[in-house]
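>>> Compute the structure for the input listed below.
(2 chains)
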Number of protein chains: 2
Amino acid sequence: MTAPLLTEIDHVAIAVNDLDDAVAYYHDTFGCTVEHREVVESDGVEEVLLKVADSYVQLLMPIRDDSPVAKYLANKGEGLHHVGYRVDDCAVALASVKEHGHRVIDEAPRPGSRGTTVAFVHPKTAFGTLIELVQE
Amino acid sequence: MTAPLLTEIDHVAIAVNDLDDAVAYYHDTFGCTVEHREVVESDGVEEVLLKVADSYVQLLMPIRDDSPVAKYLANKGEGLHHVGYRVDDCAVALASVKEHGHRVIDEAPRPGSRGTTVAFVHPKTAFGTLIELVQE
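Coordinates of the predicted model:
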């Protein structure tokens, strides 16, 4: 492999019960401001992005009971949900995961929030970590 | 507040059972290379830092059964353990957490790995997220 496929920590995603409460926490305590807010219907979440240098803190709140984040909150409570890594080419990075025999959640890249192209890697073969590959 | 206290995602920390296996995963799949490796006796862990832009993926393996990471692995299994944010002044950031009525784990900044000064914020009042404040 000639160059690392991961070019930046795109975001750390945190599942929360109340988006406004979490925004207030990060704003009041650490001075973080909201860069972006979007309802992502396909994932059943509303997300807020707080900018930290070239990365984001992504706060996720479910908008319906059958969303994966709602299930996560019901089972595990609030907390770190996944980590998103920025990649130049989502399809190339996803192919590398499969070629090395590891499981994926998304078989092909799909649209993410704020116009990105994304794919999720399964935590089962990634040391328990849900990984999102994010192409801007 | 005039400027954000969090200047960078310093690292995402992942608790793993076998450090070499995890290093191999990130190297073979994503081309990540080891930037730093250190036994942190005070925390009861051996850590590896994989560099991603100006941030790190921090892989943590316990070196004794009574380390917090060993307990985490026993209770929850492998996965995302905490997120570290870089700050200019750890004492100032920690003071802000306390001033806003939130709980901390470290009452005062203390030495971290690779010569840093760090303090942990309690997840109880931080939306379930164990936060580390890292001053380089």
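>>> Any chance of the backbone angles for the residue nearest to A:P109 when sequence neighbours are not counted?
Excluding its sequence neighbours, the residue lying closest to A:P109 (CB to CB, 6 or more residues apart in numbering or on different chains) is A:C90, at 4.1 Å. The way it works is simple: take the backbone N, C-alpha and C, and place the C-beta from them, glycine included. Main-chain dihedrals, A:C90, degrees, to the nearest 10: phi -60, psi -40.
>>> Need the pLDDT of A:C90.
Predicted confidence (pLDDT) for A:C90: 98.
>>> Where does pLDDT dip in chain A?
A:1-2 (pLDDT under 70).
>>> From the chain's centroid, how far away is stretch A:11-26?
Chain-centre distance of stretch A:11-26: 13 Å, with CA atoms, centre = their mean, to the nearest Å.
>>> Residues contacting that stretch, please?
With CB atoms under 8 Å, 6 or more residues apart in numbering or on different chains as the test, stretch A:11-26 has contacts from A:32, A:34, A:46, A:48-50, A:55-62, A:69, A:72-73, A:78-84, A:132, A:134, B:9, B:12, B:83, B:102, B:126-129.
>>> re earlier: OK, contacts around the residue nearest to A:P109?
With the criterion set at CB under 8 Å, 6+ apart, A:C90 makes contact with A:109, A:117-119, A:133-135.
>>> can you give me the strands in chain A?
For chain A, applying DSSP state E gives strands covering A:6-15, A:34-40, A:45-52, A:55-62, A:79-87, A:110-111, A:117-121, A:131-135.
>>> How many neighbouring residues does the spatially closest residue to A:T117 that is not a sequence neighbour have?
The shortest distance from A:T117 to any non-neighbouring residue, by CB to CB, 6+ apart, is to A:Q135 (4.4 Å). Neighbours of A:Q135 under the rule other CB atoms under 10 Å in any protein chain shown: 20.
>>> same check, this time on A:A24
A count of nearby residues for A:A24, using other CB under 10 Å, gives 12.
>>> and what of A:V40?
Neighbour tally, A:V40, other CB under 10 Å: 17.
>>> for the residue nearest to it when sequence neighbours are not counted, what are its contacts?
Excluding the flanking residues, the one nearest A:V40 by CB to CB, 6+ apart is A:S113, at 5.1 Å. The contact partners of A:S113, taken as CB under 8 Å, 6+ apart, are A:36, A:38, A:40, A:47.
>>> ok, back up a step: do you know how far the residue nearest to A:T117 is from chain B?
Distance, A:Q135 to chain B, using CB to the nearest CB, to the nearest Å: 14 Å.
>>> Repeat that for A:A108.
18 Å.
>>> what's the burial count for that residue?
Close neighbours of A:A108, defined as other CB under 10 Å, add up to 10.
>>> for it, what are its contacts?
Contacts of A:A108 by CB under 8 Å, 6+ apart are A:91, A:94, A:119.
>>> What values do phi and psi take at it?
The phi/psi pair for A:A108 (degrees, to the nearest 10) reads phi -140, psi 150.
>>> could you measure it against B:V39, distance?
42 Å (CB to CB, to the nearest Å).
>>> how many degrees apart are the biggest helix by length in chain A and strand A:45-52 in direction?
Taking DSSP state H as the criterion, chain A has its longest helix at helix A:19-30. For helix A:19-30 against strand A:45-52, the angle by axes from the mean of the first three to the mean of the last three CA atoms, to 10 degrees is 10 degrees.
>>> buried set for helix A:19-30?
Within helix A:19-30, the residues that count as buried by 16 or more other CB atoms under 10 Å in any protein chain shown are A:19, A:22-23, A:25-26, A:29-30.
>>> got it, and stretch A:102-117?
Quick answer for stretch A:102-117 (16+ other CB under 10 Å): A:102, A:104, A:109, A:112-113, A:116-117.
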